[in-house]
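J.: make a model of this:
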Amino acid sequence: MISIYKTIDESNNIQSVDTIEHGCWINVVAPSDEDLLLISKKSGVSMDFLKAALDEEETSRIDTEDNNLLVIVDIPFTEMEVNSLTYDSYPLAIIHTESTLITVCLKNSNILTDFINGKVKSFFTFKRSRFILQILYRIASYYLLYLRQIDKKSVMIEQRLHRSMKNKEFIQLLSLQKSLVYFSTSLKANEMTLEKMLKLELLQKYPEDQDILEDVIIENKQAIEMTNIYSNILTGTMDAFASVISNNLNIVMKLLASVTIVMAIPNIIFGSFGMNLYGIPFAKSPNGFWMVYVITASICLVCILFLKKKNLF
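T.: Predicted coordinates:
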């Protein structure tokens with residue numbers, strides 16, 4: 001899908017246009033080969049640049065070719081899997097040309113949708129270098145937002161784990177930990193790319209652009225620190241609750257074993273008295289039935305008190 005946008009005036013109003021014009025923004029989401037070929041002919045950008053972000057395993061990097069600058073960064077995404085919200089990252093290609101700015105991604109992202117919906121202030125499509133920095137800042141902000149969501153979800157799952165012996169909550173924590181690993185890898189790769197961008201002549205023209213880039217680097221480092229902290233906490237929590245679940249199971253098994261021991265006593269006694277042989281005690285007594293019951297109950301009570309004293313009941 002190809003969408004073309006352009007800021008008409010200084011009033012920050014963005015409009016959709018039908019043709020590629022000077023100062024426009026070309027947003028490409030999950031494109032076909034025909035879409036990429038069309039953009040390549042219209043903008044003069046090589047197919048290698050346009051296809052770079054279509055590989056899910058593409059790492060964050062910077063490249064230049066024929067006065068075109070390619071910046072690939074990993075951006076965060078949320079996905080629904082089996083009634084559970086998971087987090088992942090995908091590459092986003094930002095291509096700076098002499099007349100346009102092109103973004104290419106496999107999926108539609110809230111980060112770019114915010115620009116389309118006017119949620120970003122002082123955004124102009126013709127200020128291409130500033131636009132790149134605003135996208136990068138938005139990416140770092142979304143990382144921080146999703147990290148806070150992961151932290152809140154982990155706290156909610158921990159509260160349910162206190163009363164659970166099932167694997168459902170434990171698997172949800174494992175999914176969150178996997179998301180943190182993805183985020184950590186992506187943020188560290190983005191950090192190296194941002195450090196390289198400090199040396200680009202394109203971003204040296206305006207002091208404000210340098211300030212924004214430094215803010216982006218600070219936000220990215222904060223996201224890395226938060227990821228490491230949450231990952232360590234989650235790892236410790238999972239180890240602790242794995243022991244808690246195992247301990248809860250042991251307590252239940254201990255109780256069941258004690259009940260089994262107590263219930264074995266009546267089975268043994270009643271089984272012995274149930275034999276049709278001569279000489280069974282109390283066989284001729286009119287109260288023999290109740291006497292056997294009293295003796296059995298007394299032995300069971302003594303057994304219960306003994307197990308309770310040993311903290312086994």
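J.: how far is the helix or strand of the chain with the lowest mean pLDDT from where the chain is centred?
T.: For the chain, the helix or strand with the lowest mean confidence is strand 14-16, at a mean of 81 (criterion: mean pLDDT, DSSP states H and E). Distance of strand 14-16 from its chain centroid, counting by C-alpha atoms, centre = their mean, to the nearest Å, is 33 Å.
J.: mind listing the strands that strand pairs with, and their directions?
T.: Strand 14-16 sits in its sheet next to strand 2-7 (antiparallel), going by DSSP bridges.
J.: other residues contacting the least confident helix or strand of the chain?
T.: Identification of contacts with strand 14-16 by C-beta atoms under 8 Å, 6 or more residues apart in numbering yields 3, 4, 5, 6, 7, 8, 115, 116, 118, 123, 125. Where you see a C-beta, it was placed from the backbone N, CA and C, and this is true even at glycine.
J.: if you set the cut-off to 10 Å instead, what comes out?
T.: Residues outside strand 14-16 that contact it (C-beta atoms under 10 Å, 6 or more residues apart in numbering) are 3-9, 24-25, 27, 115-118, 120, 123-125.
J.: please identify the buried residues of stretch 284-299?
T.: For stretch 284-299, the neighbour count (16 or more other C-beta atoms under 10 Å) marks 292, 296 as buried.
J.: also stretch 2-15?
T.: Those would be 2, 4, 5, 6, 7, 14, for stretch 2-15 by 16+ other C-beta under 10 Å.
J.: check which element follows whichever strand or helix holds residue 92 along the chain.
T.: Per DSSP states H and E: residue 92 is located in strand 84-96. Next along the chain after strand 84-96, taking DSSP H and E as the criterion, comes strand 101-105.
J.: tell me the helices and strands packed up against that next one.
T.: strand 2-7, strand 25-29, helix 33-43, helix 47-51, strand 68-81, strand 84-96, helix 110-116, helix 128-161 (3 or more C-beta pairs under 10 Å, 6 or more residues apart in numbering; DSSP states H and E).
J.: in JSON lines, list the ones you listed along with mean pLDDT.
T.: Formatted as JSON lines, the helices and strands packed on strand 101-105 follow (pLDDT from 0 to 100):
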{"stretch": "strand 2-7", "mean pLDDT": "85"}
{"stretch": "strand 25-29", "mean pLDDT": "88"}
{"stretch": "helix 33-43", "mean pLDDT": "85"}
{"stretch": "helix 47-51", "mean pLDDT": "85"}
{"stretch": "strand 68-81", "mean pLDDT": "84"}
{"stretch": "strand 84-96", "mean pLDDT": "85"}
{"stretch": "helix 110-116", "mean pLDDT": "85"}
{"stretch": "helix 128-161", "mean pLDDT": "86"}
